[in-house]
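**Q** Sequence unavailable; structure follows:
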């Protein structure tokens with residue numbers, strides 16, 4: 001993974017003590033839950049570089065599974081906050097109207113992930129609204145199903161707050 005090593009070296013030159021480095025990557029398909037082996041290997045290599053604290057994958061128009069690798073969160077597909085896909089048919093099963101705000105918490109002494117909260121959001125007519133309990137439960141089931149392959153599960157921690165377990 002030469003590219004991951006090069007990126008890690010570049011980030012290391014810029015990262016100061018106490019910084020959290022986010023590797024934000026536009027990758028993968030717009031629809032579907034599959035995570036290519038190459039994506040997973042690249043995400044792991046970024047974490048293995050020792051300087052990337054969060055891998056933030058985006059391209060999918062819906063949430064995908066999350067992983068915690070060596071104490072660092074990997075978001076393989078974050079979904080959209082706002083988009084112009086509303087009303088386009090054929091992808092309703094993915095619930096592209098639902099999104100998540102991701103809130104990882106790190107131990108300041110060790111840099112390890114201590115908590116990973118997700119807040120569901122619903123998009124309607126180009127506006128963001130609180131997701132319903134039913135929407136949060138749907139996301140919880142989806143992320144647990146997809147996370148099983150990645151060593152994570154998600155629990156409904158409050159009416160509409162989710163917590164990742166690893």
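**A** Alright, I've got the coordinates. Please read all numbers here as calculations on a predicted model, not as lab measurements.
**Q** who does the lengthiest helix in the chain touch, helix- and strand-wise?
**A** Among the elements of the chain assigned as helix by DSSP state H, the one spanning the most residues is helix 133-147. Taking 3 or more Cβ pairs under 8 Å, 6 or more residues apart in numbering; DSSP states H and E as contact, the helices and strands that helix 133-147 lies on are strand 66-69, strand 98-106, strand 113-124, strand 153-156, strand 162-165. Heads up, the C-betas are built off the backbone N, CA and C, glycines and all.
**Q** Now do the third one and strand 98-106, the angle between them.
**A** The directions of strand 113-124 and strand 98-106 differ by 160 degrees, with axes from the mean of the first three to the mean of the last three Cα atoms, to 10 degrees as the criterion.
**Q** now for strand 113-124, which elements pack on it?
**A** Counting by 3+ Cβ pairs under 8 Å, 6+ apart, strand 113-124 packs on strand 66-69, strand 72-75, strand 98-106, strand 127-130, helix 133-147, strand 162-165.
**Q** what do you get if the cut-off is 10 Å, keeping everything else the same?
**A** Other helices and strands packing on strand 113-124, by 3 or more Cβ pairs under 10 Å, 6 or more residues apart in numbering; DSSP states H and E, are strand 66-69, strand 72-75, strand 98-106, strand 127-130, helix 133-147, strand 153-156, strand 162-165.
**Q** Same list (these) but as CSV, adding distance to residue 33 and mean pLDDT.
**A** As requested, the helices and strands packed on strand 113-124 are exported to CSV (distance: least, Cβ to Cβ, whole Å; pLDDT from 0 to 100):
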stretch, distance to residue 33, mean pLDDT
strand 66-69, 12, 98
strand 72-75, 13, 98
strand 98-106, 14, 96
strand 127-130, 23, 90
helix 133-147, 5, 97
strand 153-156, 14, 97
strand 162-165, 16, 98
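**Q** highest average neighbour count across the ones you listed?
**A** The highest average neighbour count among those, using mean count of other Cβ atoms under 10 Å, belongs to strand 72-75 at a mean of 24.
**Q** What strands flank it, and is each parallel or antiparallel?
**A** Looking at strand 72-75 with DSSP bridges, its paired strands and their directions are strand 54-58 (parallel), strand 66-69 (antiparallel).
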